[in-house]
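In: No letters, just coordinates:
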């Protein structure tokens, strides 16, 4: 029966696009969907999914995040995980709608999850899976027969055989009539190496009516041979363990199909009749580092599970819906920015074309700092004799300037969801399981759940500015993988106490100074962790992290930002800048634009431009004042920093700072300025700022195209603020808000 007309008045169109060339029938879609604040939807009670004919289909909902609030509040929902059965032809698109005040019919055969201690039984209607023990599956039944009856999880590490024998925890992430997710954490019985053992993480996904379970599995070394931060070799040996096999054995009576996602990328791997080798030959695990694989196991013989595994269906809104929560342009662009689409798609296409050079179980996913470009020296190898492990040890692995986020943002604009499967998700999992420090639950190491590392073996450059989590957070919003929240919460808990002397009891006040010279309130490191506080506060069980997000940005504005004669300056000293007067150098202009002002723009969106700091200033005021500074004092020569002299709130002089190895901004640095200047032009309607924003934005587009490189450091700088710049300049006037002068 079609829905009543009233139920269709407020709706979000969800396009389910099939990309594998395989028709799907009743396949349960699980996909994150953004909701605008204006929708004021605070509960899922009256939400439903309708097909294109207006008929209600069974649906399941899970709140992933709320607008500027914790999950336990009744604030409007910002991100929602929707699950429903979809039917779509090969290479076709089916249209569904998320609607309010709608019926939500029960599925014909609901998924059932029961728990007995750590033993979890999931009946999907097509198969029954029993998990929670030390086997990949304790049991799988289908058609009245037992298909799997256990099987050991084993590994060979540093020449020693080891077996998974301990279960640390079993957590039900989600359970409903259409979908369930269960996480099982454990440990192998290998004696500690470097003070740590071998940990195991398995995240199982089940869907109603499906005989297939999908498992995201990681195996981690939780030790450190050297005990010195960032050291990848000591005493003549590598700070790593050598893994020669990780095997999931299946005691099977037949009728089982298994596969590994993108195994052509993550070599060496193998799938046999009774075993899945997620590592089939030697690979290295550096200190507190993990390898991972995504596995599909089906109780249906001959089942084609490749499409389900590598090309999952997604419920995808149009770009306008995503633009309510992320800085992306929606709809057709003015002619002067038309090359934006060509630039972004070109970067992704070049990455896909060249990415075979990065294939490997420990290398595919993230990108070297410089690679695949005709202009710069390639860092895929270190230049020595070729060897099987050369790429891993010698390349500069990290998600430099959140470059991988471009793939997810482009999917949001274009609807080309295949970029999530090919680029965005692999990068997120590599960050989650390999670059971020993996630790046992009892490990007191300060950097657990943090990523102060990149470069050789993902560990060589021990620098806290490598916490590039934007793409990882987007992965959570689109998938609901709570492993992201749990991992980042551990790192965020340590960092907020380090940055604020009042923690853990309370958040800091605006005037509370930094704890030491490394606990800066501005710059890349601080900005990355402030953003993580926001994310953890919105998604986890402790909303007080949002207090740290607000409070620390307020501290930064109070202590390091000066509004002088309508111009704004962000300084780089860890000590509070005196308001009465003085002479001081600003922080690097491009770094402020790329990180500090990105956070302020996000805060503006989250809070409706609520003021912060002492004296209180709205984020839009700060962004506009900073843009005026660029227009008045930096335009033309484009210095990297400015020397500012002031007295009593009045500018005495502003000069270019010619010190340092990079006294002037490169093309990449000027590209970062495009975002805040374009936003300021939208807030104020100032024609001079608009002209500057257009110039910076067009130059950034042209320089990205001219560079001709794939995702990496250079394109990360070109594109990081370009998405928001184009969005602000292309937005119609009603979206623009005036800031106070």
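Out: That came through, no problem. Remember, it's a predicted structure, so these values are computed and weren't measured experimentally.
In: Show me the shaky parts of this structure.
Out: The chain contains residues with pLDDT under 70 at 1-10, 383-384, 733-741.
In: The closest residue to residue 256 other than its chain neighbours: what's it in contact with?
Out: Distances taken as CB to CB, 6 or more residues apart in numbering place residue 147 nearest to residue 256, at 5.3 Å, with adjacent residues excluded. C-betas here are computed from N, CA, C, even on glycine. By CB atoms under 8 Å, 6 or more residues apart in numbering, the residues touching residue 147 are 127, 140, 141, 252, 253, 254, 255, 256, 299.
In: Across the sheet, point out what pairs with the fourth one.
Out: With DSSP bridges as the criterion, residue 252 is bridged to residue 148.
In: Run a quick neighbour tally on residue 604.
Out: By other CB atoms under 10 Å, the residues close to residue 604 number 22.
In: Could you number the chain from 2 rather than 1 from now on?
Out: With 2 as the first residue, the last one maps to residue 605.
In: For it, which non-adjacent residue is closest in space?
Out: Closest to residue 605 by CB to CB, 6+ apart is residue 620, at 3.8 Å.
In: ok so, going back, filter the contacts of residue 148 to the buried ones?
Out: For the contacts of residue 148, a burial check counting by 16 or more other CB atoms under 10 Å picks out 128, 141, 142, 253, 256, 257, 300.
In: Look up how far residue 322 lies from the residue nearest to residue 257.
Out: Look at residue 148 and residue 322: by CB to CB, to the nearest Å, they are 41 Å apart.
In: now residue 78
Out: Residue 78 is 13 Å from residue 322, by CB to CB.
In: Which of the two has more residues huddled nearby?
Out: The residue with more neighbours, out of residue 78 and residue 322, is residue 78; 26 against 20, by other CB under 10 Å.
In: If the more buried one is in a bridge, with which residues?
Out: Those that pair with residue 78 in a beta bridge, by DSSP bridges, are residue 67.
In: got it, and the one 4 residues further on?
Out: Partner residues in beta bridges with residue 82, using DSSP bridges, are residue 33, residue 63.
In: what about it, neighbour count?
Out: By other CB under 10 Å, neighbour count at residue 82 equals 24.
In: now do the one 3 residues further on
Out: Using other CB under 10 Å, the number of residues around residue 85 comes to 29.
In: Which of the helices or strands spans it?
Out: strand 78-89 (DSSP states H and E).
In: Which SSE is immediately downstream of that strand?
Out: strand 94-101.
In: In terms of distance to residue 495, which of the buried ones among the contacts of residue 148 ranks first?
Out: Residue 495 lies nearest to residue 141 out of the buried ones among the contacts of residue 148, by CB to CB, at 40.0 Å.
In: is it true that that closest one touches residue 129?
Out: Yes: if you go by CB atoms under 8 Å, residue 141 and residue 129 touch, sitting 7.1 Å apart.
In: among the contacts of residue 148, which are in strands?
Out: Members of these lying in strands (criterion: DSSP state E): 141, 142.
In: Closest to residue 677 out of the contacts of residue 148?
Out: residue 128 (53.0 Å).
In: for the chain, longest strand please?
Out: The chain, longest strand under DSSP E: strand 161-176.
In: who does whichever helix or strand comes after it touch, helix- and strand-wise?
Out: For strand 161-176, the following helix or strand on the C-terminal side (DSSP H and E) is strand 180-189. Helices and strands touching strand 180-189, by 3 or more CB pairs under 8 Å, 6 or more residues apart in numbering; DSSP states H and E, are strand 120-124, strand 161-176, strand 199-208, helix 483-500.
In: Give the pairing partners of strand 180-189; include direction for each.
Out: Going by DSSP bridges, the partners of strand 180-189 are strand 161-176 (antiparallel), strand 199-208 (antiparallel).
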